[in-house]
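S.K.: how would this look folded up:
(chains A and B)
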Protein chains: 2
Amino acid sequence: MEIFHAAEFNGNMVFLDADESAHCVRVLRHRTGDEITVVDGKGTMARCRLTDDSPKGASAEILERFPLWGGHPYSLTMAVCPVKNNDRYEWFVEKATEVGVDVIVPVIGERSERRVFKTDRSKKIALSAMKQSLKAKLPEVEEPVSVKDFIASRKERGGLKLICYCFEGETERVSVEEALKGLPEGSDLTIMIGPEGDFSPEEARLAVESGFLPVHLGPSRLRTETAAVTAATAVYLHFI
Amino acid sequence: MEIFHAAEFNGNMVFLDADESAHCVRVLRHRTGDEITVVDGKGTMARCRLTDDSPKGASAEILERFPLWGGHPYSLTMAVCPVKNNDRYEWFVEKATEVGVDVIVPVIGERSERRVFKTDRSKKIALSAMKQSLKAKLPEVEEPVSVKDFIASRKERGGLKLICYCFEGETERVSVEEALKGLPEGSDLTIMIGPEGDFSPEEARLAVESGFLPVHLGPSRLRTETAAVTAATAVYLHFI
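M.R.: Have a look, this model is predicted:
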């Protein structure tokens, strides 16, 4: 099953952009009258019939809509520090999208080695992982922000807020499994994952003051991107 | 913390091979008398003192041994079909090693597109992931075997045996979380993950006859390597 993405459904019609049109018409050789599947990136899938097979701007008529298609029963924001090797971050974006994530925020910590992050490639990877894993909602990849600004922006936000903090002995931590216990469907979660050198004690203190619960991901020493995928997977598995 | 690997501890001495010696002496510039950390790949870490800093064959005296260092409280065999893109399989090997796995078996299914698999690179990746994640036990990467032969080889083996099977409606399946419920420490687990085209009905039937429990990994459509990491992570999280 192949799905296409159109950022806006326009009444009863969908218009594919140049990339999607070329893929639909040139690569997959769909012609006017064919049935195709289109998602809007906001949660709705539509069964459509191609009405114009132009490879530069194809359009289709909506036959049936399926809201909340391929969705997950929680809302998850992953705030993850970029890592030295960008491929590894992009791998996290792909895997988190496959299991289920809503917002990805690259956060820059005081100890981050990588302090610049371009979101373009991650956005493309999220789009392709959404299509590949048959979901209708495209995870947002936000512009990078400092750890402190991110914490401040989440201060008033409810839901379960977790900070994965490595330093042992300094902060009381529970396991992520313990933290998720009993969490009902529909919950809003925010999980922060630090850089290779961990969060600074100041960042950790601020997070705790702003309602973040310090958690650990078990005894294994995980790379940043592995920790991020492990945490997202813990949430996903909790709800299956 | 940097750790070195020596396949054999020889009484009170360890001998590093050419690669490890060069890394220890040329790259990290350790000299005779320095304290280094060496693992045997079988579960033991040793604090050692370098007695010969030859970059082609360094040796060290064992000061203290730590058995079961960085180990996990279960034994896990992951039998996973190779995927078209080898990088993706190697990524699974790295991530499974980071969270904790004992044996990786590339299994070739009736519907596998990739029917040949070289284990060399995966072995190297497992070694480097073991060192990076501070573990003393090197996961074994076995030679490829057919799905049917693998199932036959496991017929008499006890423990919990799971087959992740995608076809809906054909087989009664429980979630992996359900299957792991109540599993005590020390358990022996085997998990099979099929190729892109899934196991054949015949393979699934054979597996069930041989004591494999069909499980699902939740509603998301996961790539083969994502399914494998998700299953290994489910086991890891169960025991933290």
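S.K.: domains of chain A?
M.R.: Chain A is divided into the following domains under automatic domain parsing: A:3-66, A:75-238.
S.K.: mean confidence score for the longest one?
M.R.: What it means is domain A:75-238. Average pLDDT, domain A:75-238: 94.
S.K.: out of the domains of chain A, deepest packed?
M.R.: Most buried of the domains of chain A, by mean neighbour count (mean count of other CB atoms under 10 Å in any protein chain shown): domain A:75-238, with a mean of 19. Heads up, the C-betas are built off the backbone N, CA and C, glycines and all.
S.K.: end-to-end on it?
M.R.: 13 Å (CA to CA, to the nearest Å).
S.K.: does that domain reach chain B?
M.R.: Yes: Domain A:75-238 comes into contact with chain B (CB under 8 Å from any CB of the partner chain), by way of A:91, A:95, A:98-100, A:132-135, A:175-177, A:216-223, A:226, A:229-230, A:233-234, A:236-238.
S.K.: tell me where chain A has strands.
M.R.: Ranges of strands within chain A are A:3-5, A:9-10, A:13-15, A:35-39, A:45-52, A:59-66, A:75-80, A:103-108, A:140-141, A:145-146, A:160-164, A:174-175, A:188-193, A:213-216, based on DSSP state E.
S.K.: direction included, what does the first one pair against?
M.R.: For strand A:3-5, the pairing partners within the sheet under DSSP bridges are strand A:35-39 (parallel).
S.K.: what lies in contact with the partner strand?
M.R.: A:1-6, A:9, A:14, A:16, A:24, A:30, A:45-50, A:60, A:62-63, A:69, A:130-131, A:135-137 (CB atoms under 8 Å, 6 or more residues apart in numbering or on different chains).
S.K.: same thing with stretch A:113-130?
M.R.: Contact partners of stretch A:113-130, identified using CB under 8 Å, 6+ apart, comprise A:5, A:39, A:41, A:81-84, A:86, A:89-90, A:93-95, A:97-98, A:104, A:106, A:108, A:136-139, A:141-144, A:195-197.
S.K.: take those and keep only those in helices.
M.R.: A:86, A:89-90, A:93-95, A:97-98 (DSSP state H).
S.K.: just put those in CSV and tack on distance to A:Leu160.
M.R.: Shown next, in CSV, are the ones in helices among the contacts of stretch A:113-130 (distance: CB to CB, whole Å):
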residue, distance to A:Leu160
A:Asn86, 29
A:Tyr89, 24
A:Glu90, 27
A:Val93, 22
A:Glu94, 24
A:Lys95, 21
A:Thr97, 21
A:Glu98, 22
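S.K.: the residue nearest to A:Leu63 when sequence neighbours are not counted and B:Val116, how far apart?
M.R.: Leaving aside its sequence neighbours, A:Leu63 sits nearest to A:Arg47 (CB to CB, 6 or more residues apart in numbering or on different chains; 4.8 Å). According to CB to CB, to the nearest Å, A:Arg47 stands 40 Å off from B:Val116.
S.K.: now do A:Glu185
M.R.: As judged by CB to CB, A:Glu185 and B:Val116 stand 44 Å apart.
S.K.: same check on A:Ser21?
M.R.: Distance from A:Ser21 to B:Val116, by CB to CB: 38 Å.
S.K.: repeat that for A:Gly100.
M.R.: 34 Å.
S.K.: go on, A:Val83?
M.R.: Distance, A:Val83 to B:Val116, using CB to CB: 33 Å.
S.K.: now do A:Arg111
M.R.: To B:Val116, A:Arg111 is 44 Å away according to CB to CB.
S.K.: also A:Asp149?
M.R.: 50 Å.
S.K.: give the contact list for A:Ala46.
M.R.: By CB under 8 Å, 6+ apart, the contact list for A:Ala46 reads A:9, A:14, A:37-40, A:62-66.
S.K.: same thing with A:Ile163?
M.R.: A:191-192, A:194, A:199, A:204, A:207-208, A:212-215.
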